[in-house]
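Engineer: Dropping a prediction and its sequence here:
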Amino acid sequence: MKRDGLKIARNWLKLANGKPLIVRGARRVGKTWLVRRLAKEKGRQLIEFNFEQEPLAAEQFDLKGPQPFLKSLEGDTGKRVEPESSLLFLDSVGGGAEALDKLIGLAEKIPELPVIVAGSFLDTNGRSTLPSDRQVKSINLEPLSFEEFLSACGHEALRKFLGEYELGEAIETQAHEILLELHSDYMRVGGMPEAVVCWSEGKSMEDCVKVHRSILETFRIDSSKYTGRIPLDRFARLLSSVPPMLGEKFKYTRVSGADRSAALKQALERLAQARLCCQVKASAARKLPLESDAREGFFKVIFADVGLASTALGAQRGVSPYEAADDPSASERPLAIQAIGQALRVLQVENPSPQLCYWARENKGSEAEVDYVFESHGRIVPIVLRAGATGKLRSLHLLMTERNLSLAVRINTEKPSVTSMKTRLSHVQKNDHCLVSLPCYLAGQVHRLIGDVSYV
């Protein structure tokens, strides 16, 4: 596989100098693979400790001073440890803030020995603030993006095409249709590495679904590692409630009538910390950062992966979620919401706490909603998933006019286009903006593509 996170890890290794690399991500998303691949590429001796399989390993890091610690490593591995040619990998680390602070201190004491810390539960035991960029380098490893999926399935030339495409260039109809079909495959297979490997080798959706169910069961079983005193059945109910509410305001009453909202809120926060889901906050979109303008208690939730969500929802192959995007009740629309949210999280790969937001106005009689709003090149950019004509984008036009925004993005199944829009809500409320329409397979390139776009 060709993971973008590997490039970030390579760059970190050149300049580590006592700054550990923290790799966060859901279970079975490829964290261990990435570190082992890095060590192999760079010819470094990999010293690996798995804190789940070797719980006593945690005692090693209580040793004071670099020399006692290195001697302890040599005793455990039976090999001489040369810090300059080694890589220390601490896998499946939990323990929250205390464990992470201890490991940061270790890396600072032995700057010549690069240290990588990976875990799905690093943040589940409570930390009010994340380590600063001066202390650590972070990778938020998501499931494979569509571009990474293309590479894994042998379509490197198409991945290169997407990475080099510029607005205004023509896309041949045949290439467009092939990419739409491949993206449809991605919506069903998703980006969990095991599922992608399964698909690339046999193209059997039935086998992929079996992999998905195995991963979902792992999520359920592993919930005991971060529940604390929260009942396991509460986590199970929450986890199974996320896919059916994709694209909708999340309501605790739909999860359980037996649990209090405060208890479900606490459990949902733990699930998000373990990267099994992600809150999409309702932002007023008046200022940056968008999450600072969010409304308390108003949010949606997306799942860990679009393929897992597809299997959980029992989605049928052959129906385009983007063609269904104009119908809020369409059963396939939630997968489109999931896929775009996932693509926006991938764009925040170096952010230890990636954020997603949407915009909604709930005034009775004049309700309006825009699927996502995100920050790009210092400006607020709305994203809508619509297959219809530009005249049907009432909610988008309302947001653009009320906030006087200059650029918006529409995701659909058509070829790319750039349109100058003039909207008028009243004789005093009007707005001129640029609408960039992108096919779903270019969603992962949105930040790069709109960088130089301005209203003309």
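Structural biologist: Yes, it's here. The model shown is predicted, which means the values in this text are computed figures rather than measured ones.
Engineer: low-scoring pLDDT stretches of the stretch 1-150 of the chain, where are they?
Structural biologist: Filtered on pLDDT under 70, the stretch 1-150 of the chain yields the residue ranges 55-64, 95-99, 123-133.
Engineer: Tell me where it has strands.
Structural biologist: Along the stretch 1-150 of the chain, counting by DSSP state E, counting those that start in this stretch, strands occupy 21-24, 45-50, 86-91, 115-119, 137-140.
Engineer: How far away from the center of its chain is the last one?
Structural biologist: In this case it means strand 137-140. Averaging C-alpha coordinates over strand 137-140 and over its chain gives two centres that are 12 Å apart (CA atoms, centre = their mean, to the nearest Å).
Engineer: Provide the strand pairings for it, with the direction of each partner.
Structural biologist: Looking at strand 137-140 with DSSP bridges, its partner strands are strand 21-24 (parallel).
Engineer: for stretch 405-420, what is the average pLDDT?
Structural biologist: Across stretch 405-420, the average pLDDT comes to 96.
Engineer: Quick one: end-to-end length of that stretch, please.
Structural biologist: Distance between the two ends of stretch 405-420: 13 Å, counting by CA to CA, to the nearest Å.
Engineer: tell me, what residue is most central in the chain?
Structural biologist: Nearest residue to the geometric centre of the chain (CA atoms, centre = their mean): residue 345, 3.6 Å.
Engineer: so where does it fall, helix or strand?
Structural biologist: Using DSSP states H and E, residue 345 falls within helix 333-346.
Engineer: Which elements pack onto that helix?
Structural biologist: Contacting helix 333-346 under the criterion 3 or more CB pairs under 8 Å, 6 or more residues apart in numbering; DSSP states H and E are the following elements: helix 173-189, strand 277-283, strand 294-303, helix 306-313, strand 356-361, strand 368-376, strand 379-385. Backbone N, C-alpha and C define where each C-beta goes, glycine included.
Engineer: CA atoms of the fourth one as CSV?
Structural biologist: When you say that, I think you mean helix 306-313. Presented in CSV, the C-alpha positions along helix 306-313 are these (Å, rounded to 0.1, in the frame of the first residue of the first chain):
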residue,chain,number,x,y,z
VAL,A,306,-17.6,4.5,4.7
GLY,A,307,-17.2,0.8,3.9
LEU,A,308,-18.1,-0.1,7.5
ALA,A,309,-21.1,2.2,7.4
SER,A,310,-22.2,0.7,4.1
THR,A,311,-22.2,-2.8,5.6
ALA,A,312,-23.9,-1.6,8.8
LEU,A,313,-26.6,0.0,6.7
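Engineer: Pull the residues that contact that helix.
Structural biologist: Contacts to helix 306-313, defined as CB atoms under 8 Å, 6 or more residues apart in numbering, come from residues 143, 186-192, 195, 208-209, 212-213, 215-216, 240, 242-244, 246, 302-303, 331, 334-335, 338-339, 342.
Engineer: PyMOL command for the buried members of those?
Structural biologist: Restricted to buried positions by 16 or more other CB atoms under 10 Å, the PyMOL selection for the contacts of helix 306-313 reads:
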select buried, resi 143+186+187+188+189+190+191+192+195+208+209+212+215+216+242+243+246+302+303+334+335+338+339+342
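Engineer: How about the contacts made by the closest residue to residue 6 other than its chain neighbours?
Structural biologist: The shortest distance from residue 6 to any residue that is not its chain neighbour, by CB to CB, 6 or more residues apart in numbering, is 5.9 Å, and that residue is residue 34. For residue 34, the contact set (CB under 8 Å, 6+ apart) comprises 3, 5-6, 9, 23, 139, 141.
Engineer: now, which of these sits nearest residue 104?
Structural biologist: Taking CB to CB as the measure, residue 23 is the one of the contacts of residue 34 closest to residue 104, at 14.2 Å.
Engineer: Am I right that the closest one is in contact with residue 118?
Structural biologist: Yes: the pair formed by residue 23 and residue 118 meets the contact definition of CB atoms under 8 Å, at 4.1 Å.
Engineer: Now list whatever residues contact both of those two.
Structural biologist: Shared contacts of residue 23 and residue 118, defined by CB under 8 Å, 6+ apart, are found at 31, 35.
Engineer: Between those two, which has more neighbouring residues?
Structural biologist: Between residue 23 and residue 118, counted using other CB atoms under 10 Å, the more crowded position is residue 23 (27 against 23).
Engineer: Contact partners for the more buried one?
Structural biologist: With CB under 8 Å, 6+ apart, residue 23 has these contacts: 5, 9, 31, 34-35, 116-119, 138-139, 141.
Engineer: By neighbours, which of those residues wins?
Structural biologist: When neighbours are taken as other CB under 10 Å, the top entry among the contacts of residue 23 is residue 116 (28 neighbours).
Engineer: List the buried residues in the helix or strand where residue 157 lies.
Structural biologist: Secondary structure assignment for residue 157, by DSSP H and E: helix 156-164. Counting neighbours by 16+ other CB under 10 Å, one finds that the buried residues in helix 156-164 are 158-159, 162.
Engineer: most packed of the helices and strands packed on helix 333-346?
Structural biologist: helix 306-313 (a mean of 26; mean count of other CB atoms under 10 Å).
Engineer: Could you check the angle that helix makes with helix 333-346?
Structural biologist: For helix 306-313 against helix 333-346, the angle between stretch directions is 150 degrees (axes from the mean of the first three to the mean of the last three CA atoms, to 10 degrees).
Engineer: I'd assumed residue 109 was in contact with residue 70.
Structural biologist: No: using CB under 8 Å, residue 70 is not in contact with residue 109; the gap is 10.3 Å.
Engineer: which one of these two has more residues nearby?
Structural biologist: Taking residue 70 and residue 109 together and counting by other CB under 10 Å, residue 70 has the greater number of neighbours (19 against 13).
Engineer: got a list of what residue 290 touches?
Structural biologist: Contacts for residue 290 were tallied using CB under 8 Å, 6+ apart; they are 281, 283, 355, 357, 373-375, 380.
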